[in-house]
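# okay, sequence plus prediction incoming.
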Amino acid sequence: MWFIQPKRDYVVEMPWKHMDEPAIMTWQIRVRDYNTFVANILFFILFLFSLSFGLLIFSAESNYLASILGGGGVFVFGVLITMGMTHQTAVIVYRLTNKSIEVFSWKSQIDSVKPIMKWTAIVSGVVVLFLVWVNPSFIIAAIGPIGIGVMAALMGNSKGYQSMVRNEEYHEIDWPNAEDIAVWRRRNLIGLRFTWYNEDGSHYSVYSKIYCRNQEFDKCLAFFRQRLPDTTYREGRLVVHSHFATLPE
């Protein structure tokens, strides 16, 4: 489901809190908002596992057609499931004003799960009906399509479930108070560093992440450099975490 996701303009749909402030720039982007290096290593390991299991099934079948369908099917299914885990993307929507950046983000995979499950239930239901027509004992197989259809309906009607699995988040970036600008051009990522103070007097500094579309990256970067001329600027790799980024050690 990682590759079947609806395309739409989310900017106009977001419940922006600061509509009284004129927008300088708005954009949305779909991005792998995590450490892709680790995820790619995991994908490679699971890819080899799926390939080995597929070859095992291929060699175990005596029928050539069955071995191709069985082994190939297991391999393709394993790769798709693996990419569903290691190549998840998030939709991030930004609204930049003179005072702050509002950010909405969520994982969009759930938006494609329901239609896929619905059509899987429909197609498999037709196949089951045909099998029942051939042999009534196959009626037990109807449990599968019915179960998938019920799950799709429950997923579509439960806003709480959708909000949970989509990992919906909202936050603001107080960009005029940024202490440092770090740029990772390879991922079109701009990091604005802020220092956070704890109640016990300790503090830590991390970078708020701003992903830009490739065609707008230079424009967005030029805006921050122009508005923050005295802020330290650096370029290089950033370590991406779920809610922030840091400099490599």
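Looks like it arrived, so ask away. Residues are numbered from 1 along each chain as shown.

# residues touching Phe244, list them.
Going by C-beta atoms under 8 Å, 6 or more residues apart in numbering, Phe244 touches 206-209. The way it works is simple: take the backbone N, C-alpha and C, and place the C-beta from them, glycine included.

# how is the protein partitioned into domains?
Domain ranges of the chain: 35-88, 174-246, per automatic domain parsing.

# okay, the ones you listed in CSV with distance to Asp20 next?
Below are the domains of the chain laid out as CSV (distance: least, C-beta to C-beta, whole Å):
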stretch, distance to Asp20
domain 35-88, 35
domain 174-246, 17
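
# coming back round to it: so which of the contacts of Phe244 belong to strands?
Those of the contacts of Phe244 mapping onto strands are 206-209, per DSSP state E.

# low-confidence bits of the protein, can you list those?
1-7, 61-70, 73-74, 77, 80, 84, 109-167 (pLDDT under 70).

# return the set of buried residues in stretch 45-60.
By 16 or more other C-beta atoms under 10 Å, the buried positions in stretch 45-60 come out as 46-47, 50, 54, 57-58.

# TSV for those residues, including distance to Arg187?
Output for these, formatted as TSV (distance: C-beta to C-beta, whole Å):
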residue	distance to Arg187
Leu46	23
Phe47	22
Ser50	27
Gly54	32
Ile57	38
Phe58	38
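
# in helices, which of those appear?
46-47, 50, 54, 57-58 (DSSP state H).

# which stretches of the protein form helices?
Assigned by DSSP H, the chain shows helices spanning 36-60, 64-86, 109-134, 143-157, 159-166, 217-227.

# quick check, Ala23 in contact with Tyr94.
No: counting by C-beta atoms under 8 Å, Ala23 does not reach Tyr94; the two are 9.7 Å apart.

# who has more neighbours out of these two?
More crowded of Ala23 and Tyr94, by other C-beta atoms under 10 Å: Tyr94, with 22 against 15.

# from Ile190, how far off is that one?
11 Å (C-beta to C-beta, to the nearest Å).

# kindly report the same for Ile181.
7 Å.

# which neighbours do the two have in common?
With C-beta under 8 Å, 6+ apart as the test, Ile181 and Ile190 both reach Phe224.

# same drill for the two, tell me which one is more crowded.
Ile190 (26 against 21).

# list the beta-bridge partners for that one.
Applying DSSP bridges to Ile190 gives these bridge partners: Val183, Ile210.
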